[in-house]
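K.L.:
Have a look; sequence and predicted model below, questions after that.
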There are 2 protein chains.
Amino acid sequence: MTDVKPISPPRTVGAGTESSRVKTGVVMMNLGGPATLDDVEPFLLELFADREIIQLPLQRWLGPFIARRRTPRVRSLYASIGGGSPILRYTEAQGRGMVARLDRISPETAPHKFYVAFRYTRPRSDDALRAMQADGVQRAVAFTQYPQFSCSTTGSSLNELWRAAARTGLRHAFEWSVIDRWAVHQGFIAAMTETVREGMEQFEPADREKVLLLFSAHSLPLDVIDRGDAYPQEVGASVQRVVEQLGRSNPYILAYQSDVGPVRWLGPSTERVLRRLGARGHKHVLVVPIAFTSDHIETLSELDREYGEVARQAGIQHYKRAPALNDRPLFLDGLAQIVREHLGSGLPHSSQYLTRCPGCTNPQCRNVLNPVGMGARS
Amino acid sequence: MTDVKPISPPRTVGAGTESSRVKTGVVMMNLGGPATLDDVEPFLLELFADREIIQLPLQRWLGPFIARRRTPRVRSLYASIGGGSPILRYTEAQGRGMVARLDRISPETAPHKFYVAFRYTRPRSDDALRAMQADGVQRAVAFTQYPQFSCSTTGSSLNELWRAAARTGLRHAFEWSVIDRWAVHQGFIAAMTETVREGMEQFEPADREKVLLLFSAHSLPLDVIDRGDAYPQEVGASVQRVVEQLGRSNPYILAYQSDVGPVRWLGPSTERVLRRLGARGHKHVLVVPIAFTSDHIETLSELDREYGEVARQAGIQHYKRAPALNDRPLFLDGLAQIVREHLGSGLPHSSQYLTRCPGCTNPQCRNVLNPVGMGARS
């Protein structure tokens, strides 16, 4: 852990004139999700247009075709979880909690303010950048909300952030640094371990030692894996750390969910693992979303409803899910610690960030606009 | 770490009559390799007959066909590294060092003796078991020499050990426990980190910060991965721990080597990664064998010669390999610590061991013969 030495005496923040000028802006980058049912189609159109996450032949025509064809089914899924994604609500709660803690534990970089930049829905990178300009931000941190790095997620969000800076005429407005991964940061691991403990409490005490922990992360197409994406290595490390910190002797498995389409994805598939666990006579399974920070369609609908039904049919009588991190205080502590250590390090990014995947075909990848400490560059 | 409390006063071991009766036998299980060029064909015949590692249609005919067809090429590879595999020599050195340390740090389980059980060449499980019987062993530890668990490696070796016990009439002869994985044991990580530091010293001091660390593990067919094999998760965790302990800021990538045949294997492929790193202008690469404990054909021939040539052609001017663990004292310390903690725990295996892969189709898997503490059973 890096200790931050105050470089100026702490000052009063929050109320008062000082707080009107934000010293450090933290951009929370995530996928996002449709806030209402009418946002589902535009969200899918954006998603299937992003060649950094999905590469289709004739994408300009096939992308919209697939997006529109999937819209009715996805709309009904969002309808079943309350009419929209809760990801903005949770991200805002995470941002508020993080900023309040940062103002306390890192007074020399305060006041802090958070900005949400979703990839496929509002608020977008452009919205975040304009709000930062209005607030007079100079020092900006691009903070991925994906704990484990993948070019499909964090990489795509960062590239979009830099493009948005060019689009909005704000290329020179901020000094940037990037928090590009935190797969084994203790602040994340401690909070994730707490969710597993709470998940275990959903089982009868006498049954808890029988529970199999099924860690589930979003899958990626094997073509992405074969390019050298860091994701599976980092997910594997997260799982190991949580299991160690949990200190229980329950067996565990790592599986990957949400694969779609005809190409082959990284396995084993969470859904198939559940069917097979049931067939083997497992009756107690706790599924742990290890690569998501907030509840959204992949937890509330896919893990809880769809796979819940798979588990039931397979004979897994006690299928439970560990809660998402959402706004739990220990996770808000963790987010603030991650940012504080990053700011204290003075580094523009992790030592992994600049090395592109060996098989990368995207010339935009792994840039930082005006990296902190280098002065503004064009 | 589990502290072992001496339950009886330490006694003199080594010389003297006491040492003729072995108290704890440690079976070191590994793949093995042909000791001479004439052993290459029988070795390959055994390898391609093992359905726990390779599943072929009409295996009884196709296995020998493939083995015989590959023999000339594999013979020439072994000829190029000195006429045979050094794995027995290293395993024996590891066993001697481990046992000497164990007698010192775990006097209550001394005298210890090691036995080598290779999977596809002599000495085999049958040889080990007969030697243990001759030595009067009762307490036996099956100690995999694969740090990360896979059903293709450790699983196959254990199943063969139990079959050999039945074949030799020694089903009831020993009380067994199993050390089935040690992917993040500090004794392993410390020694592996030392090999990376030594590997770095092969570069000019001024160049060391430019070095990309390419961790390379033996690949597995994707069908094995999709059954739910623990291997990639555990390899990912090993890599993370070594990088952390190394405390350098060099970028790193995990890749998988040695895939053969027409099926799709887990990527990214080490060979292809090297080609692409060269094409991207990387000039300094240190390859680190993260899943092997001794030099053998995959390090001395594949990594050093074959991929060395790939790297050279790709323009990687400084391609080096971290040394294998072999008989370095820190690794011998680690092996002894792993066994001592295991014996001190009183447990018959890890908490992961009994849970079969969700997609397992092998009814033999994950057994322990006469587990320690249960008394001899038939």
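P.N.:
That came in fine, so what should we check first?
K.L.:
Let me know how buried A:Glu160 is, in neighbour terms.
P.N.:
Here the count is done by other CB atoms under 10 Å in any protein chain shown, and A:Glu160 has 22 residues near it. To be clear about C-beta, it is placed using only N, CA and C from the backbone, and glycine gets the same treatment.
K.L.:
SS state for it?
P.N.:
Local secondary structure at A:Glu160 is given as helix here, using DSSP: H, G, I helix; E, B strand; the rest coil.
K.L.:
That one reaches A:Ser125, doesn't it?
P.N.:
Yes - taking contacts as CB atoms under 8 Å, A:Glu160 lies within contact range of A:Ser125: 5.4 Å.
K.L.:
Between the two, which contacts overlap?
P.N.:
Counting by CB atoms under 8 Å, 6 or more residues apart in numbering or on different chains, the common neighbours of A:Glu160 and A:Ser125 are A:Ala117.
K.L.:
State the helix or strand in which whatever residue of the stretch 201-350 of chain A ends up closest to chain B lies.
P.N.:
Ranking the residues of the stretch 201-350 of chain A by distance to chain B (CB to the nearest CB) places A:Gly236 first, at 2.6 Å. In this structure, A:Gly236 sits in helix A:231-246 according to DSSP states H and E.
K.L.:
How about A:Arg163?
P.N.:
For A:Arg163, the host element (DSSP H and E) is helix A:156-167.
K.L.:
So which residues make contact with that helix?
P.N.:
For helix A:156-167, contacts defined as CB under 8 Å, 6+ apart pick out A:27, A:29-30, A:50, A:52-53, A:117, A:119, A:124-126, A:128-129, A:142, A:144, A:146, A:171, A:173-174, A:178, A:180, A:362, A:364-365, A:367, A:369.
K.L.:
among those residues, which are in helices?
P.N.:
In helices, defined here by DSSP state H, the members of the contacts of helix A:156-167 are A:Ser125, A:Asp126, A:Ala128, A:Leu129.
K.L.:
and the residue of the stretch 51-200 of chain A found nearest chain B, how many neighbours?
P.N.:
Checking the stretch 51-200 of chain A residue by residue against chain B with CB to the nearest CB singles out A:Val184 as nearest, at 6.1 Å. Number of residues near A:Val184 (other CB under 10 Å) recorded here: 20.
K.L.:
Spell out the secondary structure type for it.
P.N.:
With three-state DSSP as the basis, A:Val184 sits in coil.
K.L.:
sorry, back to before: excluding residues flanking it in the chain, which one is nearest the residue of the stretch 201-350 of chain A closest to chain B?
P.N.:
For A:Gly236, ignoring the flanking residues on the chain, the nearest one in space by CB to CB, 6 or more residues apart in numbering or on different chains is B:Gly236 at 2.6 Å.
K.L.:
next one: A:Trp265
P.N.:
On the basis of CB to CB, 6+ apart, the spatially nearest residue to A:Trp265 that is not a chain neighbour turns out to be A:Asp259, at 3.6 Å.
K.L.:
Check which helix or strand A:Glu198 maps to.
P.N.:
Using DSSP H and E, A:Glu198 sits within helix A:186-200.
K.L.:
And the helix or strand following that helix, what does it pack against?
P.N.:
Proceeding C-terminally, helix A:186-200 gives way to strand A:212-218 as the next helix or strand, assigned by DSSP H and E. Here strand A:212-218 touches helix A:231-246, strand A:252-257, helix A:270-279, strand A:284-289, going by 3 or more CB pairs under 8 Å, 6 or more residues apart in numbering or on different chains; DSSP states H and E.
K.L.:
which parts of the longest one are buried?
P.N.:
Applying a neighbour-count criterion of 16 or more other CB atoms under 10 Å in any protein chain shown, one finds A:231-243, A:245-246 buried in helix A:231-246.
K.L.:
just to revisit the earlier point, just say helix, strand or coil for the residue nearest to A:Trp265.
P.N.:
Following three-state DSSP, A:Asp259 is assigned to coil.
K.L.:
Next, the distance between the ends of stretch A:360-368.
P.N.:
One end of stretch A:360-368 to the other measures 17 Å (CA to CA, to the nearest Å).
K.L.:
go on, stretch A:215-228?
P.N.:
22 Å.
K.L.:
same thing with stretch A:253-272?
P.N.:
One end of stretch A:253-272 to the other measures 13 Å (CA to CA).
K.L.:
So which residues make contact with it?
P.N.:
If you take CB under 8 Å, 6+ apart as the criterion, stretch A:253-272 is touched by A:212-223, A:225, A:232, A:235-236, A:239, A:273, A:287, A:290, A:298, A:302-303, A:306-307, A:310, B:222, B:225-228, B:230, B:233, B:264, B:355, B:358-359.
K.L.:
Any figure for the gap between the residue nearest to A:Gly236 and A:Phe43?
P.N.:
31 Å (CB to CB, to the nearest Å).
K.L.:
Just give the nearest non-adjacent residue to the residue nearest the centre of chain A, would you?
P.N.:
Residue closest to the average C-alpha location in chain A (CA atoms, centre = their mean): A:Tyr146, at 2.6 Å. Nearest non-adjacent residue to A:Tyr146, counting by CB to CB, 6+ apart: A:Thr153, 4.5 Å away.
K.L.:
ok, the closest residue to A:Pro371 other than its chain neighbours - how many residues close by?
P.N.:
Sequence neighbours aside, A:Pro348 is the residue nearest to A:Pro371 in space, at 3.9 Å (criterion: CB to CB, 6+ apart). Counted with other CB under 10 Å, the burial measure for A:Pro348 works out to 18 neighbours.
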